[in-house]
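Q: Quick one: sequence and predicted model below, then my questions.
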Amino acid sequence: MPIPLHVSSSILLLLFSSSLQLVIADSSLTFVYHFYIEERGTYTSNSIFADNLNQVLSNLTSEAQLSGFNKTSIGFITDQVNGLYMCRGDVAADTCQFCIITASMKIQALCPNQKEVVIWYNLCMLRYSDRSFFSTAETYPSAHWYSNQNVSNMVQFDQLVKSSLESLANKTAFDPLTKMYVSNETNSGSFDLYSLLQCTQDLSPSGCYLCLKNAISGIQINGGTGRTWVMEVLPSCILQYSVALFYNTAPPPPPPQPISVVLSPPPLQSPSPVHSPVRALPSPSSTAPATNSTNHAAALFLAVGLLFYCLRRKRKDGLKPNDVSRNAPTKKNASKDEGNVK
C-alpha cells in the first residue's frame, strides 16, 4: 500500500534538512545577505518564466559540481531567465554545489516570485534576472560587514591594507593565471594580513578591476578602517581580509563523480514581512571551510537524492513544483546601509 504523499514528503524533507545541516556545519556555510530589485517586477508560479527559472537553477546546481563558476540563459524576450553563480576559489566542488543548492532554495523562500535577485553566502553567490547582466561589472547592490574589534595601530594597519589590496586587485584582474581569484598572506612585522579577492569570470579584466576598486573604496566609506576583519560583497566581485587565516591554503580536491540534479523548490513557509536581520558573520578564524571531501560528497549525494525523489513524487501526484504561497508578504527593497554591523 503506497505511503500517503504528505507523510512521505515530510519524512524525506526532514531527512534532507538533516543532511543539509550536516554539510553546512562541516563546511562552515553561512548565509550573508540577499537583495531583490523591485522594479524588475514579479512572475506567476505557473508561468513560462517560472519553468525557465527552475531549469536555470537546475542547470546551475548541476554545473556547480564541476566548476566554481558558470552562467546560463533559457527562454526568449520577456520569458528569458539569466542566471549565474560563483563559488569561492578555495572551496571543494561538493561544498560549492551544496552552497548553490542551498542558495537556490533560500532565495526563493526569501524572495518568492521576484524576477531579479542576488544572494550571498560566505562560500558562494547566486543571482538571476529577466535582463542580461553577463560580462557587465555591477557594483550595486552591495553589502559590507566588519569586526567590532580594532587593531592597535590603525594608521599602520590601514596603510598595509590599502597597499596590499590595491596590488592584489591588479593581480586578480589582469593576471590570466589567477582566473580572477587571489588569496594572499602579507606579513609586515606588526601584522599578519590575510586577503581574498574574486570576480565573476565573465568580466573583462578592466571590469573586474573596476568592481574590486569599488569594494576597496567601500571599506573606508562604510567604516571598516582599522577593523580586524572586513567583508565587502558586490554582484560582480567579493573582497575579504582578516588578521586571522579564514581560507583554505591547500588547492581544492578534484570534483567528485557527477550527480544529476533536478531542482525545483518544495512548498516553503511564507517569509516574514519584516526585513531580514543584519547579522555579523562568525570570526574569520572559524569560517575556513573544511576539506573532508568524502563526508561532504556522501551527505550531498543523500540530500540531493532525497530532494529529487520527493519532488518527483510531488509531480506524479499533480502538485506544482513552484507552489509557493501567493499571499506571502512582499519584502521591500533593502538599502545598502543595512549591511553595517557595528
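A: Thanks, I have it.
Q: How many neighbouring residues does Leu234 have?
A: If you count neighbours by other Cβ atoms under 10 Å, Leu234 ends up with 25. C-beta coordinates here come from the backbone N, C-alpha and C atoms, glycine included.
Q: With the one 4 residues further on instead?
A: One way to gauge burial is a neighbour count; for Ile238, by other Cβ under 10 Å, it gives 26.
Q: would it count as being in a strand?
A: Yes: applying DSSP: H, G, I helix; E, B strand; the rest coil, one finds Ile238 inside a strand.
Q: just checking, it touches Gln198?
A: Yes: counting by Cβ atoms under 8 Å, Ile238 touches Gln198, with 5.3 Å between them.
Q: List the first helix or strand encountered after the helix or strand bottoming out on mean pLDDT in the chain toward the C-terminus.
A: Least confident helix or strand, the chain: helix 5-27 with a mean of 41, by mean pLDDT, DSSP states H and E. Where DSSP states H and E defines the elements, the next helix or strand beyond helix 5-27 is strand 31-36.
Q: Spit out the residues that contact Ile238 and Gln198 alike.
A: By Cβ atoms under 8 Å, 6 or more residues apart in numbering, Ile238 and Gln198 have these common neighbours: Arg88.
Q: Would you map the strands across the protein?
A: Secondary structure of the chain (DSSP state E): strands located at 31-36, 69-74, 81-87, 117-121, 124-129, 143-146, 181-187, 192-199, 229-233, 237-242.
Q: Can you tell me which of the ones you listed is nearest to Gln156?
A: Proximity to Gln156 (Cβ to Cβ) singles out strand 192-199 among the strands of the chain, at 11.2 Å.
Q: Counting by contacts, list what the closest one packs against.
A: Applying 3 or more Cβ pairs under 8 Å, 6 or more residues apart in numbering; DSSP states H and E, one finds that strand 192-199 contacts helix 154-174, strand 181-187, helix 205-221, strand 237-242.
Q: And the average pLDDT for the first one is what?
A: Spelled out, it's helix 154-174. The pLDDT scores in helix 154-174 average 95.
Q: how far off strand 237-242 does that helix point, in degrees?
A: Put simply, helix 154-174 runs at 140 degrees to strand 237-242, going by axes from the mean of the first three to the mean of the last three Cα atoms, to 10 degrees.
Q: Buried by neighbour count: which residues of helix 154-174 qualify?
A: For helix 154-174, the neighbour count (16 or more other Cβ atoms under 10 Å) marks 157-158, 160-161, 164-165, 168-169, 172-173 as buried.
Q: quick check, nearest of those residues to Thr228?
A: So of the buried residues of helix 154-174, ranked by how close each gets to Thr228 (Cβ to Cβ), first place is Phe157, at 8.9 Å.
Q: and this structure, what are its domains?
A: What the record gives for the chain is the domain set 5-134+290-328, 143-242, from automatic domain parsing.
Q: can you list these in JSON lines and add distance to Thr249?
A: Formatted as JSON lines, these follow (distance: least, Cβ to Cβ, whole Å):
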{"stretch": "domain 5-134+290-328", "distance to Thr249": "8"}
{"stretch": "domain 143-242", "distance to Thr249": "8"}
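Q: my read: Pro252 touches Asp90, true?
A: Yes: counting by Cβ under 8 Å, Pro252 touches Asp90, with 6.4 Å between them.
Q: Which among the domains of the chain is found nearest to Asn248?
A: domain 5-134+290-328 (4.0 Å).
Q: ok, back up a step: tell me, which of the strands of the chain is the model least confident about?
A: Mean pLDDT is lowest for strand 143-146 among the strands of the chain, at a mean of 92.
Q: Give the partner strands of it in its sheet and their orientations.
A: Neighbouring strands of strand 143-146 in its sheet, by DSSP bridges, are strand 229-233 (antiparallel).
Q: what's the angle between the strand it pairs with and strand 31-36?
A: Using the same axes, to 10 degrees: strand 229-233 against strand 31-36 is 30 degrees.
Q: I would like the residues contacting strand 229-233, please.
A: Contacts for strand 229-233 (Cβ under 8 Å, 6+ apart): 32-33, 120, 122, 125, 142-147, 215-216, 218-219, 222, 224, 238-244, 246, 281, 283-284.
Q: Now stretch 53-60 - C-alpha only, PDB.
A: Extracted C-alpha coordinates of stretch 53-60, given in PDB (Å, rounded to 0.1, in the frame of the first residue of the first chain):
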ATOM      1  CA  LEU A  53      13.800  29.700 -13.800                       C
ATOM      2  CA  ASN A  54      13.500  26.200 -12.500                       C
ATOM      3  CA  GLN A  55      15.500  24.900 -15.400                       C
ATOM      4  CA  VAL A  56      18.200  27.600 -15.000                       C
ATOM      5  CA  LEU A  57      18.600  26.800 -11.300                       C
ATOM      6  CA  SER A  58      18.700  23.100 -12.100                       C
ATOM      7  CA  ASN A  59      21.400  23.600 -14.700                       C
ATOM      8  CA  LEU A  60      23.500  25.800 -12.400                       C
END
